[in-house]
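Student: Fold the following and give me the result.
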Amino acid sequence: MAIRFALLLSLLVILLQDFWFRTVHWALFPLLTIGLISLKLLEGKDASLAGEQIAVNLSFLVLVLAILTGYLFVSRRRFINITEGLMGWADILFLVAIGFYLSALNYVFFYIVSIPLVLILWIFYQFITGNKGKHIPLAGLQSLLFIVFLAGDWWYFHIDIADDYWLLRYLTPWIQH
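Tutor: Predicted coordinates for the structure are as follows:
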């Protein structure tokens with residue numbers, strides 16, 4: 001229970017730092033990663049399977065970043081470093097950290113669902129506060145969504161987001177049609 005509390009607390013700190021300061025202290029990400037790995041092992045997950053899932057998750061992230069960089073290169077006709085003004089290191093390090101906990105399908109699911117939800121949350125936040133900042137606190141808002149994802153798994157749905165079974169069970173009827 002203590003490790004869960006520590007993880008939720010570190011995710012909350014990421015959220016608050018990204019919103020208030022538009023920067024997140026780098027030390028939070030190794031702590032988050034170690035905490036997520038520890039939790040995964042304490043939950044009795046197969047270490048060899050976990051290694052494969054981590055490799056798939058990080059490969060997916062590298063592919064997404066490469067496609068984004070390639071798209072920007074083609075559209076702007078010059079190399080664009082995405083970490084200079086488009087995407088912060090905190091955004092990337094957050095996605096790396098959660099890649100050490102989530103199963104492969106859950107990682108892709110979280111990524112695909114969180115991006116539009118972050119945009120919706122940011123637009124709603126701007127509408128409510130009148131703050132028209134152009135930089136979206138992606139790591140912060142994704143950490144908020146990850147808090148909801150984790151808490152929902154731990155205390156409500158009990159789906160085990162470190163395993164693809166729940167998602168496959170849900171998707172199988174849709175795929176077979």
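
Student: Would you map the helices across the chain?
Tutor: Applying DSSP state H to the chain gives helices spanning 2-21, 28-42, 47-76, 89-99, 104-129, 138-152, 165-176.

Student: Arrange those in a markdown table, one row each, with distance to Ile159 as further columns.
Tutor: (Glycine included, C-beta is placed from N, CA and C.) Output for these, formatted as a markdown table (distance: least, CB to CB, whole Å):
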| stretch | distance to Ile159 |
| --- | --- |
| helix 2-21 | 15 |
| helix 28-42 | 15 |
| helix 47-76 | 16 |
| helix 89-99 | 16 |
| helix 104-129 | 9 |
| helix 138-152 | 8 |
| helix 165-176 | 4 |
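
Student: Using TSV, lay out those together with mean neighbour count.
Tutor: Below are the helices of the chain laid out as TSV (neighbours: other CB atoms under 10 Å):
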stretch	mean neighbour count
helix 2-21	16
helix 28-42	17
helix 47-76	13
helix 89-99	21
helix 104-129	15
helix 138-152	22
helix 165-176	11
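
Student: May I ask you to confirm that Ile37 is in contact with Leu102?
Tutor: No - look at Ile37 against Leu102 with CB atoms under 8 Å: they stay out of range, at 11.7 Å.
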